[in-house]
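1. pasting a predicted model and its sequence here:
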Amino acid sequence: NPLQQAVQVEKKMLAARKLSGLQKDVLSLYRALLREASKKDRATAAVAAINSPLLTNLLSDTSTTTSHARNEFRRQAGDVARTDFRTIEYLIRKGRKHVKLLQMPGVKGTALFGGSSGRL
């Protein structure tokens with residue numbers, strides 16, 4: 001479970017050293033994003049199972065909202081310098097908006113994150 005893995009990583013990091021407020025915000029956003037994406041995946045799988053049992057086999061790990069959110073988060077995290085606080089704070093605000101959008105019932109999932117040019 002990606003959420004459990006994120007929590008385990010966070011616990012290890014906390015044991016190693018204290019985290020700054022910004023680091024805590026990033027980890028909190030990451031967990032919230034994975035949590036909401038996972039909910040969307042479960043809802044999609046449930047609908048697919050009801051509509052067509054054959055479609056459930058077509059849902060691969062690489063096409064899920066959770067894997068897309070995880071990959072996009074990590075890709076963007078790698079693009080930002082650790083000392084660029086202004087950009088990090090901007091991305092946190094933008095990420096929280098994405099989490100709120102994911103919480104909306106009409107949102108399906110992966111289309112939310114935009115194309116290759118958009119940041120999370």
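-> Ah, there it is.
2. show the pLDDT at Asn51.
-> Asn51 carries a pLDDT score of 64 in this model.
3. to clarify, my last question referred to Phe113.
-> For Phe113, the pLDDT comes out at 56.
4. now swap in Met104 and tell me
-> At Met104, the predicted lDDT confidence score is 87.
5. worst-scoring helix or strand of the chain, pLDDT-wise?
-> The weakest-scoring helix or strand in the chain, judged by mean pLDDT, DSSP states H and E, is helix 55-58 (a mean of 52).
6. mean confidence for the host helix or strand of Phe73?
-> Assigned by DSSP states H and E, Phe73 belongs to helix 65-79. The average pLDDT for helix 65-79 rounds to 88.
7. how about that helix: buried residues?
-> By neighbour count with 16 or more other CB atoms under 10 Å, helix 65-79 contains the buried residues 65-70, 72-73, 76. In this view, the C-beta of every residue, glycine as well, is placed from N, C-alpha and C.
8. could I get the residues you listed as JSON lines with distance to Lys12?
-> Shown next, in JSON lines, are the buried residues of helix 65-79 (distance: CB to CB, whole Å):
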{"residue": "Thr65", "distance to Lys12": "26"}
{"residue": "Thr66", "distance to Lys12": "21"}
{"residue": "Ser67", "distance to Lys12": "22"}
{"residue": "His68", "distance to Lys12": "25"}
{"residue": "Ala69", "distance to Lys12": "22"}
{"residue": "Arg70", "distance to Lys12": "18"}
{"residue": "Glu72", "distance to Lys12": "23"}
{"residue": "Phe73", "distance to Lys12": "18"}
{"residue": "Gln76", "distance to Lys12": "22"}
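9. which other helices and strands does the helix holding Phe73 contact?
-> Applying 3 or more CB pairs under 8 Å, 6 or more residues apart in numbering; DSSP states H and E, we find helix 65-79 packed against helix 21-51, helix 85-103.
10. can you do 7 Å?
-> helix 21-51 (3 or more CB pairs under 7 Å, 6 or more residues apart in numbering; DSSP states H and E).
11. dump the helix holding Phe73 to PDB, keeping only the CA atoms.
-> Provided in PDB are the C-alpha atoms of helix 65-79 (Å, rounded to 0.1, in the frame of the first residue of the first chain):
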ATOM      1  CA  THR A  65      -4.500   7.700 -10.300                       C
ATOM      2  CA  THR A  66      -2.300   6.800  -7.300                       C
ATOM      3  CA  SER A  67       0.700   5.800  -9.400                       C
ATOM      4  CA  HIS A  68       0.300   8.900 -11.600                       C
ATOM      5  CA  ALA A  69       0.100  11.100  -8.600                       C
ATOM      6  CA  ARG A  70       3.100   9.500  -7.000                       C
ATOM      7  CA  ASN A  71       5.200   9.700 -10.200                       C
ATOM      8  CA  GLU A  72       4.200  13.300 -10.900                       C
ATOM      9  CA  PHE A  73       4.900  14.400  -7.300                       C
ATOM     10  CA  ARG A  74       8.300  12.800  -7.400                       C
ATOM     11  CA  ARG A  75       9.100  14.200 -10.800                       C
ATOM     12  CA  GLN A  76       8.200  17.700  -9.700                       C
ATOM     13  CA  ALA A  77      10.100  17.300  -6.400                       C
ATOM     14  CA  GLY A  78      13.200  16.500  -8.400                       C
ATOM     15  CA  ASP A  79      12.800  19.600 -10.500                       C
END
